[in-house]
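# fold the following.
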Amino acid sequence: MVRHSANDVRRAAFAGTWYSAEPGELGADVDAYLAAADIVSDGDLLAVIAPHAGLLYSGPVAAWSYRMLAGRPIDVLVLVGPSHYAAFDGVAVDDREAYESPLGLTPVGQRDARQLAAASPAVRVDRHVHSHEHALEMQLPFLQRVAPGVPIVPVLMGEQSRDTVDALARVLTTTFAGRRVVLVASTDLSHFFASTDAARLDARVIGHVERADADGLMTELERYPEHERGRFVACGGGPAVAVLRTATALGAQAGRLLKYGDSGDVSGDHDHVVGYLAAAVGSWPALARVGDRPC
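The predicted model follows:
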């Protein structure tokens, strides 16, 4: 068993609030969500999109993305999400040895993280901004179930400008070409609209994802001032564009909607919802079943 220095582990910051801190309860929750995701994982997978809200709300949707990873040979997982709490330019990677959840430790691909930072002035190592950020932490319990022991490369995007998105996509493509990599874009969709309005807004994002249309999604984001993009499009829109662009450069041909939902499905409040998307990007003959699509 690999031992990690206690001082070089990114500790779980949201256990006990956004999800259970008790390993047995958390494991049962994640396993139940995965079991309910009625999909067959086939074809060549390069990326998934998954939400990052509290597990009770977004877990039933996120599980559809993570069922796609189960049983696949994967060398490294690259997690790309938005920074919700720290404002900064460019991209920050974390090169600590491991990330913690109540289910255990996940190793970090330190060499890959440092290579990304060395490859572009837009990317730097910054552990501090990762310490209290939920966008990537919410993915860990699922990854620890479907891809245990596979190293992760944690990436947070600050300013989600076109230049930053393009710079990240370039270094991701160069670094991971020829590797068995799966990229994970962490994002929620529209925020605080009524369910019917949210579905209409979110359908535009889903259309770009299904076409693996990174340019179209970036243009959709740029229709709004940066401070409104999370409300009308996606809080992790920039990370999603970078992941789409990288996946297509690595050979992906199309995206697939796996599941769509919103927070009202759990809370019962359909007047102020957050949209959630599970999607896959790659090349495959067909998926056995897909989730509900918004109108």
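
# spatially, what comes nearest to residue 187 if we skip its sequence neighbours?
Once flanking residues are discounted, residue 187 sits nearest to residue 236: 2.7 Å by C-beta to C-beta, 6 or more residues apart in numbering. Using the backbone N, CA and C atoms, a C-beta is placed for each residue, glycine as well.

# tell me the confidence at the one you found?
Note on residue 236: pLDDT of 97.

# now residue 232
pLDDT, the model's per-residue confidence, is 97 for residue 232.

# what is the burial count for it?
19 (other C-beta atoms under 10 Å).

# checking the nearest residue to it once chain neighbours are set aside next. Helix, strand or coil?
Nearest non-adjacent residue to residue 232, counting by C-beta to C-beta, 6+ apart: residue 224, 5.2 Å away. Here residue 224 is recorded as coil under DSSP: H, G, I helix; E, B strand; the rest coil.

# for residue 160, see how far away residue 224 is.
Residue 224 sits 11 Å away from residue 160 when distances are taken as C-beta to C-beta, to the nearest Å.

# can you report phi and psi for the residue nearest the centre of the chain?
Compute the mean C-alpha point of the chain, and by C-alpha atoms, centre = their mean the closest residue is residue 186, 2.4 Å away. Torsion angles at residue 186 (phi, psi; degrees, to the nearest 10) stand at phi -100, psi 110.

# follow-up on the earlier one: ok, residue 224 and residue 160, which is more surrounded?
For residue 224 and residue 160, the more surrounded residue by other C-beta under 10 Å is residue 160, and the numbers stand at 24 against 14.

# ok, for the more buried one, nearest residue in space, not its chain neighbours?
Nearest one to residue 160, counting by C-beta to C-beta, 6+ apart, is residue 238 at 2.9 Å.

# go on, residue 69?
residue 146 (4.6 Å).

# so the one you found sits against residue 64, correct?
No. When contacts are counted by C-beta atoms under 8 Å, residue 146 is not listed as touching residue 64 (11.7 Å).

# about what we covered before: bridging across strands, which residues link to the residue nearest to the centre of the chain?
For residue 186, the beta-bridge assignment (DSSP bridges) gives partners residue 50.

# list the contacts for it?
Contact analysis of residue 186 by C-beta atoms under 8 Å, 6 or more residues apart in numbering lists 50-52, 79-82, 135-136, 138-139, 236, 239.

# same thing with residue 66?
Applying C-beta under 8 Å, 6+ apart, the residues contacting residue 66 are 34, 37, 48, 50, 142, 143, 145, 146.

# inside helices: which ones of the residues you listed?
In helices, defined here by DSSP state H, the members of the contacts of residue 66 are 34, 142, 143, 145, 146.

# and the fourth one, how far is that from residue 56?
If I follow you right, that is residue 145. Distance, residue 145 to residue 56, using C-beta to C-beta: 17 Å.

# name the nearest residue to residue 82, sequence neighbours excluded.
Excluding the flanking residues, the one nearest residue 82 by C-beta to C-beta, 6+ apart is residue 236, at 4.3 Å.

# and that neighbour, how far from residue 262?
Counting by C-beta to C-beta - residue 236 and residue 262 are separated by 16 Å.

# residue 269 too?
10 Å.

# more neighbours: which of these two?
residue 262 (30 against 12).

# from memory that one sits against residue 195, does it?
Yes. Because the distance of 5.6 Å satisfies C-beta under 8 Å, residue 262 is recorded as touching residue 195.
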